[in-house]
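> no FASTA, just this:
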């Protein structure tokens, strides 16, 4: 979420948020007494109407790790521009070794994306999009790369405001 200028943070109060579990990972800590097992979880929450966030949680039990991740995700909600059920324009995103590409799609296409990207896009409320994941398929990095792309999207209203011109001039040149 770096280098993004137009982040709109959202407060979770009053929103009906649904959470989607992206990945659970079992981790091991080796001590002199033996191995200690723990779990990490990454969760995406959203209201399926342009607001979403992700969070991570760690605990010795799966359910506790998930609940911690949900609480973390609710603290990191952002607004994403959606235009007629798809995204306003093509966008690339990257985080770590993950590279993703998002392209708007015609109505009825559906979410053509896999795994972690699908969870993020559905939580945002995107119904029609073509997406491609390149590079690392690590769920943590793919989620962060997807949010990088979504936060760099700009709708016509924000472009008009930035340029100081009317909406008609944005489309007519």
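Received it, and whenever you're ready, just let me know what you need. This structure is a prediction, so every number in the text was calculated from the model and none was measured.

> Now for this structure, the helix or strand with the poorest mean pLDDT.
Averaged element by element with mean pLDDT, DSSP states H and E, the chain has its least confident helix or strand at helix 167-172 (a mean of 72).

> what packs against that helix?
For helix 167-172, the contact count by 3 or more Cβ pairs under 8 Å, 6 or more residues apart in numbering; DSSP states H and E identifies helix 156-163 as packing neighbours. C-beta coordinates here come from the backbone N, C-alpha and C atoms, glycine included.

> which parts of the helix it packs on are buried?
Within helix 156-163, the residues that qualify as buried by neighbour count (16 or more other Cβ atoms under 10 Å) are residue 160.

> just for this protein, where's the confidence low?
Of all residues in the chain, those with pLDDT under 70 make up the ranges 1-6, 13-14, 173.

> residue boundaries of the strands in it?
Across the chain, reading from the start of the chain, the strands by DSSP state E fall at 18-31, 34-46, 51-59, 78-79, 91-95, 98-104, 111-112, 129-135.

> mind putting the ones you listed in CSV, mean neighbour count and distance to residue 167 included?
As requested, the strands of the chain are arranged in CSV below (neighbours: other Cβ atoms under 10 Å; distance: least, Cβ to Cβ, whole Å):
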stretch, mean neighbour count, distance to residue 167
strand 18-31, 13, 32
strand 34-46, 19, 27
strand 51-59, 21, 23
strand 78-79, 19, 19
strand 91-95, 19, 21
strand 98-104, 21, 19
strand 111-112, 17, 28
strand 129-135, 18, 24
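
> and these as TSV, adding distance to residue 164?
Formatted as TSV, those follow (distance: least, Cβ to Cβ, whole Å):
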stretch	distance to residue 164
strand 18-31	38
strand 34-46	32
strand 51-59	27
strand 78-79	22
strand 91-95	24
strand 98-104	26
strand 111-112	35
strand 129-135	30
